[in-house]
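J.: sequence first, then the predicted structure, then my questions.
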Protein chains: 2
Amino acid sequence: MAPAKTQPARGMRDFLPADVRRREYVIRFIKEVYERYGFAPLETPAVENIETLMGKYGEEGNQLIFKILKRGVHEGTGEADLALRYDLTVPLARVVAEYRDQLPKFFKRYQIQPVWRADRPARGRFREFYQCDVDVLGSQSMVVEAELIAAASEVLARLGFSDFVIRLNDRRVLSGLLQAAGIPLAQHDPTIVALDKLDKIGVAGVAEELRAKEIGPAVADEVLGRFSRLKEANDNRRILEQLQGFVATAEAQQAIGDLQRIVSYSGTRAERIRIEPSLARGLSYYTGAIFEIAVPDLTGSLGGGGRYDNLVGMFLGQPVPACGFSLGLERIIVVMTEREMFPPDFVSSPAQVMVTIWNEDSIGDSIALAQELRGSGLRVDLYPDADKLGKQFKYAAALGVPLVAVVGDDERARGEVALKDMRSGEQRSVRRESAPEAIRSALKD
Amino acid sequence: MAPAKTQPARGMRDFLPADVRRREYVIRFIKEVYERYGFAPLETPAVENIETLMGKYGEEGNQLIFKILKRGVHEGTGEADLALRYDLTVPLARVVAEYRDQLPKFFKRYQIQPVWRADRPARGRFREFYQCDVDVLGSQSMVVEAELIAAASEVLARLGFSDFVIRLNDRRVLSGLLQAAGIPLAQHDPTIVALDKLDKIGVAGVAEELRAKEIGPAVADEVLGRFSRLKEANDNRRILEQLQGFVATAEAQQAIGDLQRIVSYSGTRAERIRIEPSLARGLSYYTGAIFEIAVPDLTGSLGGGGRYDNLVGMFLGQPVPACGFSLGLERIIVVMTEREMFPPDFVSSPAQVMVTIWNEDSIGDSIALAQELRGSGLRVDLYPDADKLGKQFKYAAALGVPLVAVVGDDERARGEVALKDMRSGEQRSVRRESAPEAIRSALKD
């Protein structure tokens, strides 16, 4: 028999202690900031009824949903009645309908849980990954957009990012722009795809793409001219002024007002906001403002979101105003790892000190010392066997524990503890009752 | 069309904010204590290759594993290639084999993650539930057992439990006892099942059960006599002495020595330990010490574990000494909820204060106040609309936010903030710059 495979399933990851610590470090900041903005945590099951998910993510999405066989005899028929959570938005919509009588008028929730997609795994694309969603339901005020942008910015700033930009646009402005330039509605989507490459392939390149999409040269010129001028404006106030001249519909004018409000509500944080009239974001469910956070060394974004007033009410049978932001936990961790933004002391053991065992007879004494140190609040590992001391030191070094405590016969007779600093190799004896304090002070070195 | 079902899938649960807080409260203590004992966190994927799980939990287990359809065209054939994690022990065994070169000699890990079982849901039995496992791999020392018992006890003590008992036994002692009394090996399991009911149905009841299992009356008398005498002993030292007289094999005598060591290593914490010679615990993989934590008002245990030296090496192809403890998170939460052991301030909003919006013109000012208060470390909600003030107060009350801050025209002119205490109804004005301090002091009331 071939030896059993021991890798995790394809596209999935094991997180060893140092990995977990990195993830928890980021998640702790996210939670702390979101709580400070008044968001409350929600958790939903990993598994949903299959009909809750099917048909909610388009045809491609249907295929990427992991389906679970109905239990018992049905396993033979291949009948699936359950499925793995595909995102955190559809479960939110279900929760809003199910608990409508218990939830506050404005439901501000964050949710940090894994989702699963039967995607082809690739570098940075996993079949199990975390989403960190924060949404405000029930309000149409632009205060919500401003608060979401502020909270996401604060998370990144507190994690140590100083070079991020918040790209901001509104779906209705983008539609209004294309419409005013003469692009028929059916060609909005391919036009947006082409315009999105303006930075990469330049005006001539985009012009060629638009031609390939059978957009007349005059219209293409008109669109490109407007977007190029907007790009040159390079200042939120001036871009908004230009936009007002570029769009005709009341809806688009209202949207420009909304963008103005978001910028104004953001106060000094508006410095980070850059209105980008070509920003579209992929999902078709956005109905208003859209935004994403970008850093120079990452293609794509560290997170993004927007207003989607027609989605969350899908199970409720009535529209629910909604605006949300999703932070890309996996991407944030990738960039922070590459930039070495994590604290350097993520070692595999959490222990600050390891207590050794001198001999069989003194095991009880070593345990007592470990418990005393723990009682003082220290994180303490205890070597389990009366091995040779050298072996015990070697183990502590391999684990990255900074201090080792030894209670040999001499130390015990004198009421002392020998403390070895594994970083410097220095060893000294301290009174047993002052050991916690000595350890604490050595840890600060 | 019938309205879509919006309940969670059968046997699964949504956790609204107050539920999440209860769970996080317990998990925080568990993590904190385990880290203090030198355990490091591990996380594995929810989904495993199906062959990793099948055959590891017996025939009944095979049927309770949720199986996931192979993606793409295979969905039609009903072929499953993945499955949902069923426990945290098999993934640990896989991890130990996969990363053997990276893991320390003694691998001390905790893992707090959900598992899924296609069980028939019942009161307190869910299809998705958390396991909190802590295991030490690589050592045969009874220091490990003592540390695991100490850590689990400390978790419960810190959560506020004061009436728990640690029931302790050793599989080898139990076998030795049955063997010495003349029970043939094939009848050990049914005998244990019968003996386990001694408390409930008494000596006569157990005698009848043993008869029904075709155990001869002389042997049944012998077994019952010994277990009754052990029960009467009611003191760890005396029980251990009696056991020494009751068992014959060297293995059982060694096991009694191990029990003695565990009690001795536990120091003053041994007060909570009660050696129970009839304790068997269900799982057949235990090879040495077994233990569980019981409270008077719960049938079953709040957690348990033991030594299982032959299991974790299943993928490695060589035995790995192992001992673990699993805390029953769901049960702990049930008992703590029934006993009202949670702090009373678990409300749906995390906010300590809500900032109102006076009118459209002053929105920016309200946002600025909210940001100032957040900057001082407070958790702050911001009402999103310029609604009537009464409506805003009502909302804060419904959410359970204790304080509300108002910046009306008068307050703004005077550089003040009006603070309303929602608990007492009192309202007073404070200088804007001293608002954080005033709020902090009001929160202490």
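T.: Received the coordinates, thanks.
J.: residue A:117 contacts residue A:83, correct?
T.: No. In this structure, residue A:117 is not within contact of residue A:83 by C-beta atoms under 8 Å, at 11.1 Å. Yep, even glycine has a C-beta here, placed from its N, CA and C like the rest.
J.: so what sits against both of the two?
T.: A:65, A:66 (C-beta atoms under 8 Å, 6 or more residues apart in numbering or on different chains).
J.: and the residue of the stretch 201-350 of chain A found nearest chain B, helix, strand or coil?
T.: Closest residue of the stretch 201-350 of chain A to chain B, C-beta to the nearest C-beta: residue A:350 (4.4 Å). The three-state label given to residue A:350 by DSSP: H, G, I helix; E, B strand; the rest coil is coil.
J.: you'd agree it is up against residue B:37?
T.: No. Judged on C-beta under 8 Å, residue A:350 makes no contact with residue B:37 at a distance of 9.1 Å.
J.: once you drop chain neighbours, what's closest to the most centrally placed residue in chain A?
T.: Centroid-nearest residue in chain A, with C-alpha atoms, centre = their mean: residue A:329, separated by 2.5 Å. Take residue A:329 and drop its neighbours on the chain: the residue closest to it by C-beta to C-beta, 6 or more residues apart in numbering or on different chains is residue A:130, 4.5 Å away.
J.: quick check: beta-bridge partners of the one you found?
T.: residue A:114 (DSSP bridges).
J.: and it, how far from residue A:115?
T.: Computed with C-beta to C-beta, to the nearest Å, the distance linking residue A:130 and residue A:115 is 8 Å.
J.: how about the residue in chain A that chain B sits nearest to, secondary structure?
T.: Closest residue of chain A to chain B, C-beta to the nearest C-beta: residue A:78 (2.2 Å). Recorded secondary structure, residue A:78: coil (three-state DSSP).
J.: burial check on the residue nearest to residue A:320 when sequence neighbours are not counted, number of neighbours?
T.: Using C-beta to C-beta, 6+ apart and skipping residues adjacent in sequence, the residue nearest residue A:320 is residue A:313, 4.1 Å away. When neighbours are counted by other C-beta atoms under 10 Å in any protein chain shown, residue A:313 registers 17.
J.: so what pLDDT did residue A:313 get?
T.: Looking at residue A:313, its pLDDT reads 87.
J.: picking up where we left off before, got a list of what the residue of the stretch 201-350 of chain A closest to chain B touches?
T.: Counted by C-beta under 8 Å, 6+ apart, residue A:350 has contacts A:17, A:379, B:35, B:38, B:39, B:40.
J.: now these in JSON lines, with pLDDT and neighbour count?
T.: Putting those into JSON lines (pLDDT from 0 to 100; neighbours: other C-beta atoms under 10 Å in any protein chain shown) gives the following:
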{"residue": "A:17", "pLDDT": "93", "neighbour count": "23"}
{"residue": "A:379", "pLDDT": "96", "neighbour count": "19"}
{"residue": "B:35", "pLDDT": "96", "neighbour count": "17"}
{"residue": "B:38", "pLDDT": "95", "neighbour count": "27"}
{"residue": "B:39", "pLDDT": "96", "neighbour count": "27"}
{"residue": "B:40", "pLDDT": "95", "neighbour count": "24"}
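J.: report the two of those separated the most.
T.: With C-beta to C-beta as the measure, no two of these lie farther apart than A:17 and A:379, at 13.0 Å.
J.: which positions in the stretch 201-350 of chain A make contact with chain B?
T.: A:264, A:265, A:267, A:314, A:315, A:317, A:348, A:349, A:350 (C-beta under 8 Å from any C-beta of the partner chain).
J.: tell me where the model's unsure across the stretch 151-300 of chain A.
T.: Counting by pLDDT under 70, the low-confidence segments of the stretch 151-300 of chain A come to A:282-283.
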